[in-house]
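1. the following block contains a protein sequence and its predicted model.
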Number of protein chains: 2
Amino acid sequence: KTWREIPPLHYSEPDWVALHKRPSDPASLFEPLTHKIYIELPKPTIDDNIPDTGRIVRELRKRLKYLSYEIPLTCLQDLFLKIRRSDWKITVTLFGRNGIGQILQVEEGNTVDRNYGVALDVGTTTVVAQLVDLKTGKVIGIEGNHNLQARYGEDVLSRIAYVCGKGSLDLLQKAVVENTNILIETMARKKGIQIEDITSMVAAGNTTMSHILLGLMPCSIRDDPYVPTVDLYPPIRAKEIGVHINPQGILQVLPSIASYIGGDTVAGVLACNIADRPETTCLIDIGTNGEIVIGNNEWLLSCSASAGPAFEGGDVKWGMRATRGAIEKVEIDDGRVLYETIGKVKPRGICGSGLIDLIYGLAKNKILDIDAKLSHSLKEKRIVEGENGLEYIVAFPEETETGEALTLAQTDIDNLMRSKAAIFAAIKSLIDYAGLSFDQLEKIYVAGGFGNYLNIEKAVGIGLLPDIPRERIEFVGNSSLMGARMALLSNHVYEKAIAISQSITNIELSKFALFADEYMASLYLPHIDRERLFPSVKF
Amino acid sequence: KTWREIPPLHYSEPDWVALHKRPSDPASLFEPLTHKIYIELPKPTIDDNIPDTGRIVRELRKRLKYLSYEIPLTCLQDLFLKIRRSDWKITVTLFGRNGIGQILQVEEGNTVDRNYGVALDVGTTTVVAQLVDLKTGKVIGIEGNHNLQARYGEDVLSRIAYVCGKGSLDLLQKAVVENTNILIETMARKKGIQIEDITSMVAAGNTTMSHILLGLMPCSIRDDPYVPTVDLYPPIRAKEIGVHINPQGILQVLPSIASYIGGDTVAGVLACNIADRPETTCLIDIGTNGEIVIGNNEWLLSCSASAGPAFEGGDVKWGMRATRGAIEKVEIDDGRVLYETIGKVKPRGICGSGLIDLIYGLAKNKILDIDAKLSHSLKEKRIVEGENGLEYIVAFPEETETGEALTLAQTDIDNLMRSKAAIFAAIKSLIDYAGLSFDQLEKIYVAGGFGNYLNIEKAVGIGLLPDIPRERIEFVGNSSLMGARMALLSNHVYEKAIAISQSITNIELSKFALFADEYMASLYLPHIDRERLFPSVKF
């Protein structure tokens, strides 16, 4: 697969596009997962000789609101020396949860300026991390790499098959931990900060990725009745799974909803603020599994559709992730193919947004018919007979980096059509289940690995997204990473994540009788019921 | 020192004398620190496919009253396999605290009959453990050994000096952990139970012993202003300090009150039920530090007197602990000395209760005057000139195991007098501080390492204990071990221990102006103010 061969991802700017897109800002609830507080303790006297811990807690109570405080043994064991060496001036790192302040570490002197966190999006294909200054809430670094688990299987199901067959959970866990450690070390090195000053992390991933990260067997996730081990992951010490941050540092994985709806979706719901508004909105996360959430501040529905990896560059011969050299925009005009690549270099493949543009362009130019089939009869010079049937030449050999023609075969198109049909049918099924119509959606947020670009008009045009006024559809990029960062910066948001995961009603599409019909009806460009469902699409 | 050379302690009967002495029984609040519950889970279906943890918690909620449940990562990691291998029939071990049920382990099948706990009294000289069946609450084993820390120093102060001077905390911690592991392994082997089936422990010790056990520096305990690191010790995994029980097993150290008033005293207050009754009672724990608590269900006062080890066999040439070969009863009648030894063997030394009897006998027979001095002028054949002054021959060479005369020298008597004076002065000071008189004490409980015997009449006679009606004085033996066992068997009792530790007002005798006067007045037999304070003593 092309996407397995491409070099490590690079993001040029810390402030990624998606960071600006959130409808409302949680800054007013800034309360990071771990925070530091500097205190100067009054020295003990014979009239005030309470224990060291009591002295610390007495000072903390003046400034913080926790009901009680806990100190783990490791932290107690060096307290005596630290507190005296520093002349009773110390910085306490706290992790607050359920009204309890857990003291993670005591440092000598004032170190409140050095407190960092990591937000982590554990994707099946890509792992992306942000380094966040927990004092200010600012993102100061971002790095991504390809999930090293890929060597054991390309998608979630093949990895589950590996772990639960002859393979080893341990190998897969170590792989993603290595991903994570590389990202953290790279970000820390670039910013010149110490790993020990990273005191917390929030990770979001699908249920399988979250399970494997924590060393939990994912075997029952794939089989009916689709039961994971856990949905509310406990906060752990990152070192428990081998992640290198502060030895007492906390790792919180965002809660899952069901076997096929993970913490990444919960993060998306947080990022798009779906659960806090009276208006009904929708989140569509397009990936190998397309996850859809519809709801408002009174109810939330979700479902997951097995869409396949076509829009992520898998199952498509020249498909690739949205990285340097990928065609991300395409226009077909009078026999000419105009395209733009990421990095403005010679094309190496086509990413999801390019594929959507391409299908749209082929349909609009009647090169694809309503059945999405290429045909010789068109006398189109770009249509040639390939190894496995007809192919459309997107870029001729002299245009590409490899010197090979960059083509889209009928088999590729079929895979893309199946993906888009699965996603649209899932949206339609969920809308029907809720008793709504599309125009009752105030907003549709589209997330997924499309890089920085998605042409909404064309995504509607091919029947991937519902035909509602375009200004009500918004591309939000990596909403999983954004939600993880929000939970890192606000315990309030993390608590909301739990509430969301526990209150969403998940619909198993396999049990939903009409889904198969919707899917069949969606295998057309844009849809078999174009007049009713896609009235505004013109080609 | 004699007591360092004697062989390991042996207790012949699991139901030790002290176990029967508690005024009220906590059986009605039986709620062990860790408990097991067997559950048969309904198997998941597509209509009921919540995660494994949710399925367990749903079942637990039907039977238990915790507000929430926590599952540590290690327990989650093998949950998938265990739950399925056992066909959804599992036993869950829980540790409950503050309304939260922490799931420590999940076992396949029904193992509720195999759940044990250990109560541990970490004495400076002796470590004693009880093995308790947590299903029934019954004591099924008891073992004791000499604290291996003795090789680094005989008493608390010399061990602190070792740790905080050129020595190592680590060595002392390892020593007492070795004590503990030997006791646990011995008890488990004798009863044929698996170490893994011991799921919790409660330890009581003085503040220094508790600190060293947990690897906490005790250095600031010895010096003004006497500040320990912590008073409320957090519950830990026993394995964190190297104690061998179940790998997830909990170790809870009972809270301290102050640097010189430890969890052993809190345990004594629990065991004697001092804090729950409207009547004012008193606990006197006679040891190297004599701890005294006075109070009722409205207030509690404590103090600690540096008594020296004389009543424990230290600082007395032929002194020894209350083990085999120790003279524990003495009567002097018309020039003859009648005595009984533990084990009915030839005497090897004299333990605390024997020393009390001996001083009493010497005083009653006018061999000691009111100043507690031996005198040649008495023409008593048992008084001889020893290496360091006059000595009284308790047993002639032909009577003893060693073939040497067993004597009590004037220097021994002086040390014993200083010990008894320190303890009585402390009691008197505390009573005065409270504005009470002795006859307002409904009960005095006497604890300490006197073995199974203490002659109350004689202890009053020498001025060690106050002159109140004898039936109101009760010897309770090792109240520290008893209190630890009670906290092991009842979370309610443990919570009471916290309440006690936080509500006791500790009086620093060094700050109490009249203590020195009381001490000087107590250096007499029985007291300089005999008429007023010891009217019933007749000799």
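-> Perfect, I can see it now.

2. got a list of what A:Gly247 touches?
-> Small correction: residue A:247 is Pro, not Gly. A:74, A:196, A:237, A:239 (C-beta atoms under 8 Å, 6 or more residues apart in numbering or on different chains). Using the backbone N, CA and C atoms, a C-beta is placed for each residue, glycine as well.

3. please redo it, this time with the cut-off set to 7 Å
-> Contact partners of A:Pro247, counting by C-beta atoms under 7 Å, 6 or more residues apart in numbering or on different chains, are A:Lys239.

4. with A:Asn415 instead?
-> A:308, A:310, A:315-316.

5. in helices, which of those residues fall?
-> Using DSSP state H to define helices, no part of those is located there.

6. where does the stretch 1-150 of chain A dip in pLDDT?
-> Applying pLDDT under 70 to the stretch 1-150 of chain A picks out residues A:1-28.

7. so where do the strands sit in it?
-> A:34-40, A:68-70, A:89-97, A:100-108, A:116-122, A:126-133, A:139-146 (DSSP state E, counting those that start in this stretch).

8. and the fourth one with chain B, contact?
-> This means strand A:100-108. No: residues of strand A:100-108 are not located near chain B by C-beta under 7 Å from any C-beta of the partner chain, the shortest gap being 8.4 Å.

9. and the contacts of that strand?
-> Strand A:100-108 is touched from outside by A:34, A:60, A:64, A:66-71, A:75, A:79, A:82-83, A:85-86, A:90-95, A:199, A:246, A:248, with contacts defined as C-beta under 7 Å, 6+ apart.

10. so where's chain A shaky on pLDDT?
-> Those would be A:1-28, A:378, A:451, if you go by pLDDT under 70 across chain A.

11. could you rerun that using 80?
-> Applying pLDDT under 80 to chain A flags residues A:1-29, A:376-379, A:449-452.

12. what does it have sitting close to chain B?
-> With C-beta under 7 Å from any C-beta as the criterion, chain A comes near chain B at residues A:44-46, A:49, A:51-54, A:70-73, A:76-77, A:79-81, A:214-217, A:219-220, A:224-231, A:234, A:236, A:240, A:508, A:511.

13. what residue is smack in the middle of chain A?
-> Central residue of chain A (C-alpha atoms, centre = their mean): A:Ser480, 3.1 Å from the mean position.

14. who are the packing partners of the helix or strand where it lies?
-> Following DSSP states H and E, one finds A:Ser480 within helix A:479-489. Packing partners of helix A:479-489 (3 or more C-beta pairs under 7 Å, 6 or more residues apart in numbering or on different chains; DSSP states H and E): strand A:116-122, strand A:126-133, strand A:198-205, helix A:263-271, helix A:491-503.

15. can you redo these as JSON lines with mean neighbour count?
-> Listed next are these as JSON lines, based on neighbours: other C-beta atoms under 10 Å in any protein chain shown:
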{"stretch": "strand A:116-122", "mean neighbour count": "28"}
{"stretch": "strand A:126-133", "mean neighbour count": "24"}
{"stretch": "strand A:198-205", "mean neighbour count": "29"}
{"stretch": "helix A:263-271", "mean neighbour count": "30"}
{"stretch": "helix A:491-503", "mean neighbour count": "19"}
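
16. so which of those gets nearest A:Asp412?
-> For the helices and strands packed on helix A:479-489, the distance to A:Asp412 is smallest for strand A:126-133, at 21.2 Å, taking C-beta to C-beta.

17. okay, the closest one in PDB with CA atoms only?
-> Extracted C-alpha coordinates of strand A:126-133, given in PDB (Å, rounded to 0.1, in the frame of the first residue of the first chain):
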ATOM      1  CA  THR A 126      -1.500   7.900  12.100                       C
ATOM      2  CA  VAL A 127      -0.500   9.000  15.600                       C
ATOM      3  CA  VAL A 128      -0.500  12.700  16.200                       C
ATOM      4  CA  ALA A 129       0.600  14.500  19.400                       C
ATOM      5  CA  GLN A 130       0.500  18.100  20.600                       C
ATOM      6  CA  LEU A 131       2.700  19.500  23.300                       C
ATOM      7  CA  VAL A 132       0.700  22.000  25.400                       C
ATOM      8  CA  ASP A 133       2.000  24.400  28.000                       C
END
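
18. related to what we said a few turns ago, closest one to A:Glu442 among the helices and strands packed on helix A:479-489?
-> Proximity to A:Glu442 (C-beta to C-beta) singles out helix A:263-271 among these, at 14.9 Å.

19. so that closest one versus strand A:198-205, what angle?
-> Helix A:263-271 runs at 100 degrees relative to strand A:198-205, counting by axes from the mean of the first three to the mean of the last three C-alpha atoms, to 10 degrees.

20. which strands and helices sit next to helix A:263-271?
-> Contacts defined by 3+ C-beta pairs under 7 Å, 6+ apart place helix A:263-271 against strand A:198-205, strand A:281-286, strand A:289-295, helix A:479-489, helix A:491-503.

21. who wins for neighbours among the contacts of A:Asn415?
-> Comparing these by number of neighbours (other C-beta atoms under 10 Å in any protein chain shown), A:Val316 comes first, having 28 neighbours.

22. the residue located most distally from the centre of chain A - nearest residue in space that isn't next to it in sequence?
-> The centre of chain A is farthest from one residue, A:Ile46, which by C-alpha atoms, centre = their mean lies 56.5 Å away. Counting by C-beta to C-beta, 6 or more residues apart in numbering or on different chains, B:Pro225 is the residue found nearest to A:Ile46 once chain neighbours are left out, at 4.3 Å.

23. show me what contacts the one you found?
-> Contacts of B:Pro225 by C-beta under 7 Å, 6+ apart are A:44-46, A:49.

24. one step back: do I have it right that the residue nearest to the centre of chain A meets A:Asp264?
-> Yes: assessed by C-beta atoms under 7 Å, A:Ser480 is found in contact with A:Asp264 at 3.8 Å.

25. intersection of neighbour lists for the two?
-> Taking C-beta under 7 Å, 6+ apart as the criterion, A:Ser480 and A:Asp264 both touch A:121, A:204.

26. the residue lying closest to A:Lys496 once chain neighbours are set aside and chain B, how far apart?
-> In space, A:Lys496 comes closest to A:Leu270 once its chain neighbours are excluded; the distance is 6.4 Å by C-beta to C-beta, 6+ apart. Distance, A:Leu270 to chain B, by C-beta to the nearest C-beta, to the nearest Å: 20 Å.

27. now swap in A:Thr407 and tell me
-> In terms of C-beta to the nearest C-beta, A:Thr407 sits 42 Å off from chain B.
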